[in-house]
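> For reference, the sequence and a predicted model appear below.
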Amino acid sequence: MKRHPLRWFAGASLFAAAAPALAYIDPGTGSMLVQSALALIAVVLVAGRSAWHKFKSFFSRRRDDAADREV
Amino acid sequence: MPPTARFRPLLQTLEPHPASFRDPEAHVFTAGGRVLRALTLEAAARYDAVRATGLLDAMEHEGAAVRSSEAPETPPPGFARMLEHEAVPFISYPYEWPFALLKRAALLHLDIHRRALGHGATLADASAYNVQFRGARPVFIDIASFRPYRDGELWAGHRQFCEQFLNPLLLAAQFGIAHHAWYRGSPEGLPTAGLAALWPARGWLSPRALVHVLLPASAERAAAKRAEAALARVGRARLPKAGYVALLDQLRRWIAGLEPRGFSATQWAGYAQARNYSAGALEAKRRVVAEFAARYRPHMLWDLGCNDGEFTEVALSNGAAAAIGFDADPGALELACARAARIGMAFLPLYQDASNPSPAQGWRGRERAALAERGRPDALMALAFEHHLALGCNLALEEVVGFLVASAPRGLVEFVPKSDATVQRMLALKGDIFPGYSEAAFAAALAARARIVRTDDLAGGRKLFWFEA
């Protein structure tokens, strides 16, 4: 695997998940709150999508099973 | 190798750059026209890490970022390394950029941020002042604002991006108001709350307006009431990288489609079509401009009242190496930007009202320099310009000529007589309160301050004066 030059940053970030943004600007609470809400929506969407896939695959498996039986 | 072996003592005094105080880990200094940046150990480590990804090399190669190299000077106390940056020919500010240039700068910023994320890095801020122009091409100058991307982090620069790029563009695209006056009065950007207050109710149906304008403004208001809860929530929040990228992409699509509303109907945008020049008169004027540029071959030419840049292009094609065109009409500036992109020459169109030029402002009135402090051209052109100051702003001819002669060591100035149709229109409602306005008075004022080296008569009593100060 190609060694990414910034991989040590990624490792360090595991220990700093809730640290300030290291930005020397004020990020603004309004913008950050919207992003945290978007993150929630994204999680819901991703969870929803995987639930939908499970739901679909459940039925397609049933259909496959039915097709198998017909053979 | 011990680090001191590389260093050499300073040859020139380092002048701290008055706008470089926000990032405590990287300060910009100037030294005799050179641009140097001092980095702390931490900032130097980040610079090395980003440099190692190949991102900076690629951006420098494409002209998207200024070239940076190690400088041999001893860093000032508290800093560990010195970089030298390629200087841009002229520093300009977002409140001087025409809509088209602010848009190009915004797209460059988003593209660089997007690419940085692909390399495991991000940008610590989203300041419009981190973009400058070479000709009409944007270039990123703040190499020290790259930071490692931490998984799940929020986009800290989102608000700044909106206030310094998106909101001024929306002001023109949504409401038909050019951003220059508001931005100049608020150099840190246009507050989102202000834009949200203007936004029509149907904006609540637009996901883009919701995410970047309306919700941030109302969340800001809500957070002011319950600050502790808001901070706790933000502290816990994690934005998946895909969400981060989606925000950048959404903004990119939105901004790429923005066009200023109503600018094509501004006074001068249709000037080239509407003016009552005969083809012969126009050709004569073009020929004189070409001869002026060929004779002086200025490294930097300022075209005051450049309109759509027609004559700026003639000068650039005939010996001027680079030009800045100033105009106060947003519609004409859009045409000039389109021309600059088309001809691909070193032509930078900027918004400027000669009767109220950009002042020095920001912290201690030094952070953003006044126009006159940012350079002086080798030559200027002021074609069909002086009468706007003399008759439009009621400035005495001596004042107008004094200003022109003080602005450049040589120039080409067009005098427009009172009998001219455009002057007659200007005076129709105002009345002729200018008994002293005449070609003879203009020539006398110029001769008292500079040497008139040549004159060329144009149609309708207009005349071109060549001066050397």
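Received the coordinates, thanks. This structure is a prediction, so every number in the text was calculated from the model and none was measured.
> Could you tell me how far the closest residue to B:L304 other than its chain neighbours is located from A:Y24?
Distance criterion C-beta to C-beta, 6 or more residues apart in numbering or on different chains; nearest residue to B:L304, sequence neighbours excluded, is B:A382 at 4.4 Å. The C-beta positions use only the backbone N, C-alpha and C, and glycine is treated the same way. From B:A382 across to A:Y24, the span is 42 Å (C-beta to C-beta, to the nearest Å).
> is any part of the one helix or strand B:A223 maps to close to chain A?
Using DSSP states H and E, B:A223 maps to helix B:215-225. Yes - between helix B:215-225 and chain A, judged by C-beta under 8 Å from any C-beta of the partner chain, the touching residues are B:215-224.
> Filter the residues you listed down to the buried ones and hand me the PyMOL line.
Buried residues among the residues of helix B:215-225 next to chain A (16 or more other C-beta atoms under 10 Å in any protein chain shown), as a PyMOL selection:
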select buried, chain B and resi 215+216+217+218+219+220+223
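> count of residues packed around the closest residue in space to B:T40 that isn't next to it in sequence?
Spatial nearest neighbour of B:T40, excluding adjacent residues (C-beta to C-beta, 6+ apart): B:E25 at 4.4 Å. Here the number of neighbours of B:E25 (other C-beta atoms under 10 Å in any protein chain shown) works out to 19.
> got it, and B:L55?
For B:L55, using other C-beta under 10 Å, the count is 20.
> quick one, phi/psi of it?
Main-chain torsions, B:L55, degrees, to the nearest 10: phi -60, psi -50.
> On the pLDDT front, check the residue lying closest to it once chain neighbours are set aside for me.
Leaving aside its sequence neighbours, B:L55 sits nearest to B:H119 (C-beta to C-beta, 6+ apart; 4.7 Å). On pLDDT, B:H119 comes in at 93.
> The single nearest residue of the stretch 251-400 of chain B relative to chain A: helix or strand, and which one exactly?
With C-beta to the nearest C-beta as the measure, B:L251 is the residue of the stretch 251-400 of chain B nearest to chain A, at 12.2 Å. Following DSSP H and E, one finds B:L251 within helix B:241-256.
> what about that helix, average pLDDT?
pLDDT averaged over helix B:241-256 gives 94.
> any low-confidence regions in the stretch 151-300 of chain B?
B:265-277 (pLDDT under 70).
> So which residues on the stretch 351-469 of chain B come close to chain A?
Contact residues, the stretch 351-469 of chain B versus chain A (C-beta under 8 Å from any C-beta): none.
> typed the wrong thing, it's the stretch 1-150 of chain B
B:22-24, B:49-50, B:52-53, B:119-121, B:124-125, B:127, B:147-150.
> residues touching the residue nearest to B:H388 when sequence neighbours are not counted, list them.
Once flanking residues are discounted, B:H388 sits nearest to B:G305: 6.9 Å by C-beta to C-beta, 6+ apart. B:G305 sits next to B:326-327, B:354, B:382-385, B:388 when contact means C-beta atoms under 8 Å, 6 or more residues apart in numbering or on different chains.
> I'd like to know how far B:G305 sits from B:F415.
13 Å.
> show me the contacts for B:R297.
Contacts for B:R297 (C-beta under 8 Å, 6+ apart) come out as B:319-321.
> Including secondary structure and neighbour count, could the residues you listed go into CSV?
Listed next are the contacts of B:R297 as CSV, based on DSSP: H, G, I helix; E, B strand; the rest coil; neighbours: other C-beta atoms under 10 Å in any protein chain shown:
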residue, secondary structure, neighbour count
B:G319, coil, 17
B:A320, coil, 29
B:A321, coil, 15
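> now those as JSON lines including distance to B:M300?
Formatted as JSON lines, the contacts of B:R297 follow (distance: C-beta to C-beta, whole Å):
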{"residue": "B:G319", "distance to B:M300": "12"}
{"residue": "B:A320", "distance to B:M300": "8"}
{"residue": "B:A321", "distance to B:M300": "7"}
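> Where does pLDDT dip in chain A?
A:1-23, A:43, A:45-46, A:61-71.
> Secondary structure of B:D48: a helix, I assume?
Yes - looking at B:D48 with DSSP: H, G, I helix; E, B strand; the rest coil, it is inside a helix.
> What ranges does the stretch 151-300 of chain B have for its helices?
Secondary structure of the stretch 151-300 of chain B (DSSP state H, counting those that start in this stretch): helices located at B:158-161, B:167-175, B:180-185, B:192-198, B:207-209, B:215-225, B:227-236, B:241-256, B:271-274, B:279-296.
> Most tightly packed of those?
Across the helices of the stretch 151-300 of chain B, averaging neighbours per residue (mean count of other C-beta atoms under 10 Å in any protein chain shown) puts helix B:158-161 on top, at a mean of 24.
> which strands and helices sit next to that one?
helix A:29-70 (3 or more C-beta pairs under 8 Å, 6 or more residues apart in numbering or on different chains; DSSP states H and E).
> mind listing what B:E188 touches?
For B:E188, the contact set (C-beta under 8 Å, 6+ apart) comprises B:163-164.
> if we can go back for a sec, for the contacts of B:G305, could you give me JSON lines that also reports secondary structure and neighbour count?
As requested, those are exported to JSON lines (three-state DSSP; neighbours: other C-beta under 10 Å):
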{"residue": "B:F326", "secondary structure": "strand", "neighbour count": "24"}
{"residue": "B:D327", "secondary structure": "strand", "neighbour count": "26"}
{"residue": "B:A354", "secondary structure": "coil", "neighbour count": "22"}
{"residue": "B:A382", "secondary structure": "strand", "neighbour count": "26"}
{"residue": "B:L383", "secondary structure": "coil", "neighbour count": "23"}
{"residue": "B:A384", "secondary structure": "coil", "neighbour count": "19"}
{"residue": "B:F385", "secondary structure": "coil", "neighbour count": "24"}
{"residue": "B:H388", "secondary structure": "helix", "neighbour count": "21"}
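> okay, those in JSON lines with pLDDT next?
Output for the contacts of B:G305, formatted as JSON lines (pLDDT from 0 to 100):
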{"residue": "B:F326", "pLDDT": "98"}
{"residue": "B:D327", "pLDDT": "97"}
{"residue": "B:A354", "pLDDT": "95"}
{"residue": "B:A382", "pLDDT": "98"}
{"residue": "B:L383", "pLDDT": "97"}
{"residue": "B:A384", "pLDDT": "93"}
{"residue": "B:F385", "pLDDT": "96"}
{"residue": "B:H388", "pLDDT": "94"}
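> Only whichever of the residues of the stretch 1-150 of chain B next to chain A are buried, select them in ChimeraX.
ChimeraX command restricting the residues of the stretch 1-150 of chain B next to chain A to the buried ones, with burial defined by 16+ other C-beta under 10 Å:
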select /B:22,23,49,50,53,119,120,121,124,125,127,147,148,149,150
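> Sort out for me which of the residues of the stretch 1-150 of chain B next to chain A are in strands.
Members of these lying in strands (criterion: DSSP state E): B:121, B:147-148.
> Export those residues to CSV and append columns for distance to B:P16.
Shown next, in CSV, are those (distance: C-beta to C-beta, whole Å):
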residue, distance to B:P16
B:A121, 27
B:R147, 23
B:P148, 27
